[in-house]
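>>> What follows is a predicted protein model with its sequence.
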Amino acid sequence: MFGNRDIPTYLFTGFLESGKTTCIKEILEEGNFEDGMKTLFLITEEGEKEIDENLLKYNKVIPVVIEEEDDLTEKKCLELVKEHKPARIMIEVNGMWNLDKLINEILPENWIVVQTFTTVNSETFSVYINNMKPLLMSHFSQSDLVIFNRCTADMDRPSMRRNVKAINRRAQVLFESEDGSVESNIEEELPFDVSASEIVLEDDDFGLWYLDVSEHPEKYEGKTIVFKGQVYRNRSFPSDAFVPSRAAMTCCADDIAKIGFLCHYKGADSLGINDWVTVTVKVKPEFSKKNQGLFPVLWAEKVEKAEEPEEEVVYFS
């Protein structure tokens, strides 16, 4: 009976020396698991820092080291639950392991991932983003909270934040400075005037606008936006709707996807699929169950045929 109930599971991801252990230690010290219930703690990567045994015992945390990726199987997980009977699970995930596979193929169905933390060493971030971007982005895509630590004043925090938001709009992003202070409200310097009643987007600006309006649709409510997009429609669309889309590279050259927002327009069904158009739209945020909050919906005032842009793919930097 015990093995069938749902067990809340917390994942801590990031590369070696990114601060995963410190993050877990702080969570325990803050008393978040101080409820007298057992926590099974799977350690798949041992860094320089360790959590004090007394802190683990006080919080009833049972550490188990898993040295090889192949050793962490669904069978092993079920055996550990049967042996220790935990109320919850914590996993310190090796940054080189396949996170998607771990979540979707290895963890038992009743291990419900309720929160995923990703820690990033800001000092080595550029190295990883340039050399191991797909792996890093796979961590961002699953995260609820991304913490950039060891930040200095000269670091480009908006760019770091965009790298996360481009792959996962719902993730919260925090920046922890060397003095321990934490910042989350990073001012983005946009290449257009947000205060203007009409905003004309250059082709290169679409990616930045897309991220900003996704996160802050209320900023654009009632404003007129003019931009170029490619007509996208499918059978599920009502006759008066289409998406003026752009191709975006969120991770690497092999990971290009269409992005855009639903746009209401009376002549939508007469538009040619993949045609390029310049749209003049009003932004009207609506509540989205999927996104659990306001989400931008566009209402077209004008749709005109346009030439294909010089660069079809948009970026978020």
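Yes, it's here.
>>> Helices of the stretch 201-317 of the chain, start to end?
For the stretch 201-317 of the chain, applying DSSP state H, counting those that start in this stretch gives helices covering 206-215.
>>> ranges for the helices of the stretch 1-150 of the chain?
Going by DSSP H, counting those that start in this stretch, the stretch 1-150 of the chain shows helices at 20-29, 53-58, 74-84, 99-101, 125-131, 133-142.
>>> okay, those in CSV with mean neighbour count, distance to residue 201 and mean pLDDT next?
(Glycine included, C-beta is placed from N, CA and C.) Formatted as CSV, the helices of the stretch 1-150 of the chain follow (neighbours: other Cβ atoms under 10 Å; distance: least, Cβ to Cβ, whole Å; pLDDT from 0 to 100):
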stretch, mean neighbour count, distance to residue 201, mean pLDDT
helix 20-29, 19, 38, 94
helix 53-58, 12, 51, 95
helix 74-84, 14, 48, 96
helix 99-101, 15, 33, 91
helix 125-131, 14, 26, 90
helix 133-142, 19, 25, 89
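>>> JSON lines for the ones you listed, including distance to residue 164?
Listed next are these as JSON lines, based on distance: least, Cβ to Cβ, whole Å:
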{"stretch": "helix 20-29", "distance to residue 164": "16"}
{"stretch": "helix 53-58", "distance to residue 164": "30"}
{"stretch": "helix 74-84", "distance to residue 164": "29"}
{"stretch": "helix 99-101", "distance to residue 164": "15"}
{"stretch": "helix 125-131", "distance to residue 164": "11"}
{"stretch": "helix 133-142", "distance to residue 164": "5"}
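>>> Can you give me the neighbour number for residue 120?
Applying other Cβ atoms under 10 Å, we find 31 residues neighbouring residue 120.
>>> Repeat that for residue 70.
8.
>>> what does residue 4 give?
With other Cβ under 10 Å as criterion, residue 4 counts 8.
>>> For it, give me its contacts.
residue 110 (Cβ atoms under 8 Å, 6 or more residues apart in numbering).
>>> can you check residue 117 too?
Residue 117 touches 10, 11, 12, 13, 20, 23, 143, 144, 145, 146, 147, counting by Cβ under 8 Å, 6+ apart.
>>> If residue 147 is in a bridge, with which residues?
Residues in a beta bridge with residue 147, per DSSP bridges, are residue 119, residue 174.
>>> Please look at it and residue 176 and confirm they touch.
Yes - between residue 147 and residue 176 there is a contact at 6.1 Å, judged by Cβ atoms under 8 Å.
>>> show me where the stretch 101-250 of the chain has strands.
111-121, 145-151, 172-177, 182-183, 198-200, 224-232, 241-249 (DSSP state E, counting those that start in this stretch).
>>> Ramachandran coordinates for residue 108?
Main-chain dihedrals, residue 108, degrees, to the nearest 10: phi -60, psi 150.
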